[in-house]
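Chemist: sequence first, predicted coordinates after that:
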Amino acid sequence: MLNVGALNEGVVLDHIEAGKSMDLYRYLKLDRMDCCVAIIKNAHSNKMGKKDIIKVECPIERLDLNVLGYIDHRITVNIIKNGQIVEKRRVELPERLVNIIKCRNPRCITSIEQELDHIFFLADPEEEIYRCLYCEEKYRTSRKKKKSE
């Protein structure tokens, strides 16, 4: 049995789809932060079968929860203070994404103007479809792509 120590203060990201923790690690830019991070992959879960968990020893304000909602809005965010869970949050699909995904349209202004932010808005929450603010290129979340294939 694997035993990972408890956090005194920080954030536990739970119910991450198995295999997605490294994507979250990169999107959250945890490699650039000076904090302790524990990644648990393929943990047993009665609800999901297998899941990933990330423990981050830092204040929640330092994390971009919009990234979490985009990757998987079913993730549970547990906020830890003094070794206890003080709050549980559910994340949702963000209305707007900035520099999280890049527009694939070669004619989009973001392909020409390198300094321009890549901005996407949630066009269809049911189908999890985002559109580029500049050219309206359609982008579907990876989870919906898998279900429709």
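Modeler: Thanks, I have the structure now.
Chemist: going forward, measure contacts between C-alpha atoms and count neighbours the same way
Modeler: Will do.
Chemist: Arg140 touches Pro125, doesn't it?
Modeler: No. Proximity of Arg140 to Pro125 does not meet the contact threshold set by CA atoms under 8 Å, at 10.2 Å.
Chemist: and the two? Which one has more around it.
Modeler: Each of Arg140 and Pro125 has its neighbours counted (other CA atoms under 10 Å); Arg140 has more, 15 against 11.
Chemist: and the more buried one, what is it in contact with?
Modeler: 127-130 (CA atoms under 8 Å, 6 or more residues apart in numbering).
Chemist: how about Arg89?
Modeler: Neighbouring residues of Arg89 by CA under 8 Å, 6+ apart: 76-78.
Chemist: how about those in TSV, adding distance to Cys135 and secondary structure?
Modeler: Shown next, in TSV, are these (distance: CA to CA, whole Å; DSSP: H, G, I helix; E, B strand; the rest coil):
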residue	distance to Cys135	secondary structure
Thr76	33	strand
Val77	34	strand
Asn78	37	strand
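Chemist: if we take those residues, which one ends up nearest to Gln84?
Modeler: The closest of those to Gln84 turns out to be Asn78 (CA to CA; 9.5 Å).
Chemist: surely the closest one is in contact with Gln84?
Modeler: No. In this structure, Asn78 is not within contact of Gln84 by CA under 8 Å, at 9.5 Å.
Chemist: more neighbours: which of these two?
Modeler: Comparing Asn78 with Gln84 by neighbour count (other CA under 10 Å), the higher total belongs to Asn78, at 20 against 14.
Chemist: OK, contacts around that one?
Modeler: By CA under 8 Å, 6+ apart, the contact set of Asn78 is 11-14, 85-89.
Chemist: closest to Ile100 out of these?
Modeler: Of all these, Leu13 has the smallest distance to Ile100: 18.9 Å, by CA to CA.
Chemist: tell me the bridge partners for the closest one.
Modeler: Under DSSP bridges, the beta-bridge partners of Leu13 are Ile54, Val77.
Chemist: for Lys81, same thing?
Modeler: With DSSP bridges as the rule, Lys81 is bridged to Glu9, Gln84.
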